[in-house]
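> after the sequence you'll find the predicted model.
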Amino acid sequence: MTTTNEVAARYRTLADAFEQRIHDVAPEQWSNQSPCAEWTAGDLVGHVIGTHGMMLGLIGRSLSSAPTAEDDPLAAFKAARGDMEAVLDDPELARTEYDGLFGRTNISATVDRFLGFDLVVHGWDLARATGQDEHIDPQEIERIWANARELGDNLRQPGVCAPAVEIGDDAPEQERLLAYLGRDPR
């Protein structure tokens, strides 16, 4: 079983990487198309910030006042991240339970499973959209694969993941994962 301290540490690592990618986006790149058909690079960051708010809402909290992702993507993400870290750093809040789509759970487990997924996968999307390094840590590839397999067909819903992209079995693990998640990694 993963402890709330492990979740908080993993979240920080993933948020650090995502924040760095936001930082490295040139102003003219925010309108670049992302691998997600409906979203630009800016829309993608707005989505990740919105997911932070959705997660907080599960336990009756909300994002604090901050610039919007459209006005200042980096400041908006930093604020959302701070809100999430405040929850994860408080063991009582991190263990707050609620009834989720997959049964009774707590916010720490949900952040680890779903927000962690978003930070990694949308981090790759942002890197692809803006010409940054697209490398995903092999441990995260393994975790995302496990989540994706467990979610199965639930991934294939509008706004979640597109249909899998055909790619050879001999492709590197990261490419196979991204293709499974509806992205063309080539």
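Structure received.
> geometric centre of the chain: which residue is closest?
residue 118 (1.6 Å; Cα atoms, centre = their mean).
> what residues are up against it?
By Cβ atoms under 8 Å, 6 or more residues apart in numbering, the residues touching residue 118 are 47-48, 51. All C-beta atoms are positioned from the backbone trio N, CA, C, and that covers glycine.
> got JSON lines for those residues, with secondary structure, distance to residue 98 and pLDDT too?
Formatted as JSON lines, the contacts of residue 118 follow (DSSP: H, G, I helix; E, B strand; the rest coil; distance: Cβ to Cβ, whole Å; pLDDT from 0 to 100):
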{"residue": "47", "secondary structure": "helix", "distance to residue 98": "22", "pLDDT": "96"}
{"residue": "48", "secondary structure": "helix", "distance to residue 98": "21", "pLDDT": "98"}
{"residue": "51", "secondary structure": "helix", "distance to residue 98": "16", "pLDDT": "96"}
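> low-confidence ranges in this structure?
Scanning the chain for pLDDT under 70 picks out the ranges 1.
> looking at it, which helix is longest?
Counting by DSSP state H, the longest helix found in the chain is helix 4-23.
> take it, keep the C-alpha atoms, and write them as PDB.
Only the C-alpha atoms of helix 4-23 are listed here, as PDB (Å, rounded to 0.1, in the frame of the first residue of the first chain):
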ATOM      1  CA  THR A   4       0.400   9.500   1.800                       C
ATOM      2  CA  ASN A   5       4.000  10.600   2.100                       C
ATOM      3  CA  GLU A   6       4.900   8.500  -1.000                       C
ATOM      4  CA  VAL A   7       2.000  10.000  -2.900                       C
ATOM      5  CA  ALA A   8       3.000  13.600  -1.900                       C
ATOM      6  CA  ALA A   9       6.600  12.900  -3.000                       C
ATOM      7  CA  ARG A  10       5.600  11.400  -6.300                       C
ATOM      8  CA  TYR A  11       3.200  14.200  -6.900                       C
ATOM      9  CA  ARG A  12       6.000  16.800  -6.300                       C
ATOM     10  CA  THR A  13       8.300  15.000  -8.700                       C
ATOM     11  CA  LEU A  14       5.600  14.800 -11.500                       C
ATOM     12  CA  ALA A  15       4.500  18.400 -10.800                       C
ATOM     13  CA  ASP A  16       8.100  19.600 -11.000                       C
ATOM     14  CA  ALA A  17       8.500  18.100 -14.400                       C
ATOM     15  CA  PHE A  18       5.200  19.500 -15.700                       C
ATOM     16  CA  GLU A  19       6.000  22.900 -14.300                       C
ATOM     17  CA  GLN A  20       9.400  22.900 -16.000                       C
ATOM     18  CA  ARG A  21       7.700  22.100 -19.300                       C
ATOM     19  CA  ILE A  22       5.300  25.000 -18.800                       C
ATOM     20  CA  HIS A  23       8.200  27.300 -18.000                       C
END
